[in-house]
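Trainee: here's a sequence, model it:
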Amino acid sequence: MQKNNMSTDFVSYFNCGSVHLKSEAEILGSVIRTLIADKKSVTNKNIIMHLIAELESTHDRALQECLRSTLQIVVGRTPDDAGI
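Mentor: Numbering: from 1, shown residues only. Below is the predicted model of the structure:
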């Protein structure tokens, strides 16, 4: 099974400089740093699972909205896994 590592296109989407994506880019950066610190692979699947876990554990509505937006972007830009 091939790992779906984040592509350069995916990262550049968040680094486009859009003010709208600033919070989402910060959240994504935080998730990536956490995965690296936990010695986990930085894959789309791990990012999605981490975002869902964060969504389930926070009660801050503003943070929930930002996490949802980040999750939608990641899921929308993640290629489908072959063979599933």
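Trainee: for the record, mean pLDDT for stretch 22-34?
Mentor: For stretch 22-34, the mean pLDDT works out to 90.
Trainee: in it, what's buried?
Mentor: Ser23, Glu24, Ala25, Ile27, Leu28, Val31, Ile32 (16 or more other Cβ atoms under 10 Å). C-beta: built from backbone N, CA, C; applies to glycine.
Trainee: so which of the residues you listed are in strands?
Mentor: Using DSSP state E, no member of those falls in strands.
Trainee: from the residues you listed, which land in helices?
Mentor: Ser23, Glu24, Ala25, Ile27, Leu28, Val31, Ile32 (DSSP state H).
Trainee: between those, which is nearest Asn46?
Mentor: Val31 (8.5 Å; Cβ to Cβ).
Trainee: I'd say the closest one and Ile52 touch.
Mentor: No. The pair Val31 / Ile52 is not scored as a contact, 10.9 Å apart, by Cβ atoms under 8 Å.
Trainee: before we move on, which element is Leu63 in?
Mentor: For Leu63, the host element (DSSP states H and E) is helix 61-76.
Trainee: against which helices or strands is that helix packed?
Mentor: helix 22-37, helix 44-57 (3 or more Cβ pairs under 8 Å, 6 or more residues apart in numbering; DSSP states H and E).
Trainee: what's the longest one in contact with?
Mentor: Contacting residues not belonging to helix 22-37 are listed as 14-15, 41-42, 46-47, 50-51, 54, 66-67, 69-70, 73-74 [Cβ atoms under 8 Å, 6 or more residues apart in numbering].
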